[in-house]
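# Provided below are the primary sequence and the corresponding predicted coordinates.
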2 protein chains.
Amino acid sequence: MAITLATQIENYIKRLLELSEDGSVELRRADLADMFMCVPSQINYVLNTRFGTEAGYFIETRRGGSGYVRIIQTGLADNADLTVLLAQAGDKPMNRQAAANLLTRLLGEEIITKREYAICRSLFAGDALKLAEDREDLLRGRMVRLLLMNLIRDDLSD
Amino acid sequence: MAITLATQIENYIKRLLELSEDGSVELRRADLADMFMCVPSQINYVLNTRFGTEAGYFIETRRGGSGYVRIIQTGLADNADLTVLLAQAGDKPMNRQAAANLLTRLLGEEIITKREYAICRSLFAGDALKLAEDREDLLRGRMVRLLLMNLIRDDLSD
DNA sequence: TAATAATAGTCAGAAAAGGTCAAAACATCA
DNA sequence: TGATGTTTTGACCTTTTCTGACTATTATTA
């Protein structure tokens, strides 16, 4: 299975995060680009598509001399944090990638089952919602919120 | 009667699946098309007509650089009813009441859990889909169909 | 403190896959 | 043979990744 550069970089960063004590890692964008022999903006692409807040990460950067990129892993300590997620979601639209990242995270944290993941993924992240045309992302956002509300309610009831 | 190209491709993929250890193969659509000297969309035809959910397969694809087509052998969960339901569903629109009834039935027959019921009910039978306006019922139909397709898979039971 | 050097960010477009749809070609059967 | 169903093709579309030119910010140094 051929793996893209973006995925290689993603895996590398995740490995660094695992090795780190505090779930955060700091690096130089230019160094990483050198290491993978690509343009620096490729790193931004990876950060934007794989390390967004829905996926459970927080990015801090600084430009200028001795600038850096810091990637911080924000785990869901317990299901109460779902409420925070829900609040963050607001009534905002959500694109496919963000929804897919969120579902991956929920599965990883064992908040949803494999089957729930598969069902939701095909509902949110496939082509189905394209039917809603210009409202696709808005509808997806609303549906994701409904899912979270259900997960929260379920958690409270057992 | 000469064997069709579609059938040759089908057989080839099935042989690959037999040789694979985990019942899944990954390939490039363009490579396969080259190999059989046909247009790429012929591959889609084979996938759609021979490797659908009802036949016990699940297809995953990715576009863009290093894209792929993955064919996963799932077998069928032991519930013949579902396949019938799916066949009946077609690509037809479905109203709220019909969706709610179907969900109740699935819950009654213990095909879905209470939690799955609650999630799907809020997704399908609530107000969310009103956002799709005149396409509400069409979208609901498609979503119900996706749900059934997932339930039919037997590789997701935890 | 003003200039410079060192970082990182943005955005549009090219490249590399795969998807869709309808029409043409072919096959089958009453 | 005519109607109907299946297969094959090709023109056009969408998504994902990668690149590079240009922009913005910050630390350092003259």
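Now that the structure is in, tell me what you want to look at.
# measure the closest residue to A:Arg96 other than its chain neighbours to A:Ile119 for me?
Of all residues not flanking A:Arg96 in the chain, A:Ala125 sits nearest, at 5.1 Å (CB to CB, 6 or more residues apart in numbering or on different chains). C-beta here means a position set from N, CA and C on the backbone, and glycine is covered the same way. Separation of A:Ala125 from A:Ile119 (CB to CB, to the nearest Å): 11 Å.
# counting neighbours, go ahead and name the busier of those two.
Higher neighbour count among A:Ala125 and A:Ile119: A:Ile119, with 26 against 20, using other CB atoms under 10 Å in any protein chain shown.
# right, and that one touches B:Glu116 too?
Yes: with contact defined as CB atoms under 8 Å, A:Ile119 reaches B:Glu116; the gap is 7.2 Å.
# count the neighbours of A:Asp134 for me.
Residues near A:Asp134, counting by other CB under 10 Å, number 6.
# quick one: it and DNA strand D, what's the gap?
In this view, A:Asp134 and DNA strand D are 12 Å apart by CB to the nearest atom of the strand, to the nearest Å.
# let me know the pLDDT of that residue.
Turning to A:Asp134, the model gives it a pLDDT of 88.
# ok so it is a strand residue?
No: using DSSP: H, G, I helix; E, B strand; the rest coil, the secondary structure at A:Asp134 is helix, not a strand.
# and the gap between it and chain B?
Distance, A:Asp134 to chain B, using CB to the nearest CB, to the nearest Å: 11 Å.
# what residues are up against that residue?
Contacts for A:Asp134 (CB atoms under 8 Å, 6 or more residues apart in numbering or on different chains) come out as none.
# again, but for A:Val25
Applying CB under 8 Å, 6+ apart to A:Val25 gives the contacts A:13, A:16-17, A:70-71.
# so what's the closest residue to A:Thr4 other than its chain neighbours up against?
Leaving aside its sequence neighbours, A:Thr4 sits nearest to B:Ser66 (CB to CB, 6+ apart; 4.5 Å). Counting by CB under 8 Å, 6+ apart, B:Ser66 touches A:2-4.
# got the residues of chain A near DNA strand D?
Within reach of DNA strand D by CB under 7 Å from any atom of the strand, chain A has these residues: A:4-7, A:38-39, A:41-42, A:45, A:49, A:62-67, A:96-97, A:130.
# now those: which count as buried?
Among the residues of chain A next to DNA strand D, those classed as buried by 16 or more other CB atoms under 10 Å in any protein chain shown are A:6, A:38, A:42, A:96.
# can you pull the buried residues of stretch A:37-57?
A:38, A:42-43, A:46-47, A:50-52, A:54-57.
# what does stretch A:65-79 give?
Applying a neighbour-count criterion of 16+ other CB under 10 Å, one finds A:69, A:71-73, A:76 buried in stretch A:65-79.
# with stretch A:22-41 instead?
Within stretch A:22-41, the residues that count as buried by 16+ other CB under 10 Å are A:24-25, A:27, A:29, A:32-33, A:36, A:38.
# same thing with stretch A:111-124?
Buried positions in stretch A:111-124, judged by neighbour count with 16+ other CB under 10 Å: A:111-113, A:115-124.
# pull the residues that contact that stretch.
So stretch A:111-124 is contacted by A:76, A:79, A:82, A:96, A:99-100, A:103-104, A:106-107, A:128-129, A:140, A:143-144, A:147, A:151, B:115-116, B:119-120, B:123, B:143, B:146-147, B:149-151, B:153, B:156-158 (CB under 8 Å, 6+ apart).
# any bit of the worst-scoring helix or strand of chain A on mean pLDDT sitting next to chain B?
Lowest mean confidence among the helices and strands of chain A (mean pLDDT, DSSP states H and E): helix A:81-89, at a mean of 76. No: using CB under 8 Å from any CB of the partner chain, helix A:81-89 never reaches chain B; the gap is at least 13.5 Å.
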